[in-house]
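Novice: Build me a structure from this.
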Amino acid sequence: MTGRAFSRRLFLKTATVATLGVGLAACRPIAPISDVEPAMREVTAAQVTDPESLEAFVLGAKAHIESITDMNVGAKLREGLKTEGDWKSGSTFLIIFLMNGDAFIHGNDRDAESKNLLGVEDERGTRVVEELFAAAAQGGGFVEYYDDGPQTAYAVEYTSGITGRQFVLVGGYSQDVTHVPITIADLPKPAVTASEVVDRESLITFVEEAAATYQQAVMSEGYSTLTGVRNAFRVEGGDWKIGSIYLWVVSGGGVTLFHGSEPYREGNPTDMVRTDSQGIKIAEELIGGARREGRKFLRYHYDNPAIEGDEETGSPKFGYAVSFQPPNTDQKAVTGSGIYLDTDGS
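Specialist: Model prediction:
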């Protein structure tokens, strides 16, 4: 997106809608420019200077994202869209919305990814994201909104090349959404909560139920319940997280899709060849094993934050992971957790 304010005159000129009498102040969507040359669709974030280049930037991103068919590549978008480069340059970045208004990937605000922005209003009381969705539904279009002056955004729908599901891609939209509450799903109490994970059997029960809950969210229409479930899994002291007991979800190739303790890991690859102090390839055996076999147990050594002096050797830990298949794809994701063991191995 870009936080740059394009003048109303320039906006009308480049969008070629000056004769339409459109009420821009009301944030009504404008039809997209139809004669953008293919080369213009390769505009990078740093090259966005006006509405025409903004549209080209978003459409180029749309084409790129739709071409992704590998889950491991798609999973990297969560971090890739936040990284300075072709898709982000300072205040120019992108947002991917779920069709219910949840910010699925936000190029500039990780906290916004836990929120639904459909009801957010600008300085003049206009529900900007609603207008962006309306513009996207018409094949793509511009919306002018007010945030410390007039701003211009562009929105378009796209179809995932991995799952075939619809999303809305937006560039040029930036508002302070710190006041928007986090969406937390009201989930049934699991048979074993995070605080009750004390041994192998309780860990298995905990992970199995969490995996089923996460899979149901992934299978929900348009991922409509996914944001709430992810947020519920993050609540410290809640049913799904306490201290070192937390959940993670990765792609079959080890790219982090969700991390209950360290969200900054999401979109980043796991080191699949990393070994512990005993020579065990932790990720390959646990994640790869679950992907191939459906479920996997693994005992290994890992640095325990609660123990000083084990940074080099690690402390005994038991991990358990299960795989599931997202909709409309034969690729798999893996959900897991772990528990540090007592020195007697119990």
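Novice: Please tell me how far residue 330 sits from residue 71.
Specialist: 10 Å (Cβ to Cβ, to the nearest Å). (Glycine included, C-beta is placed from N, CA and C.)
Novice: If you count surrounding residues, which of those two has more?
Specialist: Set residue 330 next to residue 71 and count neighbours by other Cβ atoms under 10 Å: residue 71 wins out with 21 against 7.
Novice: Find the residue closest to the more buried one in space, skipping its chain neighbours.
Specialist: Distances taken as Cβ to Cβ, 6 or more residues apart in numbering put residue 331 closest to residue 71, at 4.3 Å, once the chain neighbours are dropped.
Novice: I'd like the distance between the one you found and residue 291.
Specialist: For residue 331 relative to residue 291 (Cβ to Cβ), the value is 9 Å.
Novice: what touches both of these two?
Specialist: Jointly contacting residue 331 and residue 291 under the rule Cβ atoms under 8 Å, 6 or more residues apart in numbering are residue 252.
Novice: Settle it for me: which of those two has more neighbours?
Specialist: residue 291 (21 against 18).
Novice: So what's the residue count around residue 141?
Specialist: 24.
Novice: residue ranges of the helices in this structure, please?
Specialist: Using DSSP state H, the helices of the chain run over 8-15, 51-66, 71-75, 77-80, 128-137, 200-219, 226-234, 282-283, 289-293.
Novice: mind listing what the nearest residue to residue 157 once chain neighbours are set aside touches?
Specialist: Once flanking residues are discounted, residue 157 sits nearest to residue 136: 4.7 Å by Cβ to Cβ, 6+ apart. Residue 136 is in contact with 155, 156, 157, 168, 169, 170, counting by Cβ under 8 Å, 6+ apart.
Novice: Domains in the protein, by residue range?
Specialist: Domain assignment of the chain by automatic domain parsing yields the ranges 8-171, 194-340.
Novice: Next, format those domains as CSV and append mean pLDDT.
Specialist: Rendered in CSV, the data for those read as follows (pLDDT from 0 to 100):
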stretch, mean pLDDT
domain 8-171, 84
domain 194-340, 94
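Novice: Arrange these in JSON lines, one row each, with distance to residue 177 as further columns.
Specialist: Output for the domains of the chain, formatted as JSON lines (distance: least, Cβ to Cβ, whole Å):
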{"stretch": "domain 8-171", "distance to residue 177": "5"}
{"stretch": "domain 194-340", "distance to residue 177": "14"}
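Novice: export the helices of the chain to a markdown table and tack on distance to residue 102?
Specialist: Listed next are the helices of the chain as a markdown table, based on distance: least, Cβ to Cβ, whole Å:
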| stretch | distance to residue 102 |
| --- | --- |
| helix 8-15 | 28 |
| helix 51-66 | 17 |
| helix 71-75 | 17 |
| helix 77-80 | 14 |
| helix 128-137 | 10 |
| helix 200-219 | 11 |
| helix 226-234 | 4 |
| helix 282-283 | 29 |
| helix 289-293 | 27 |
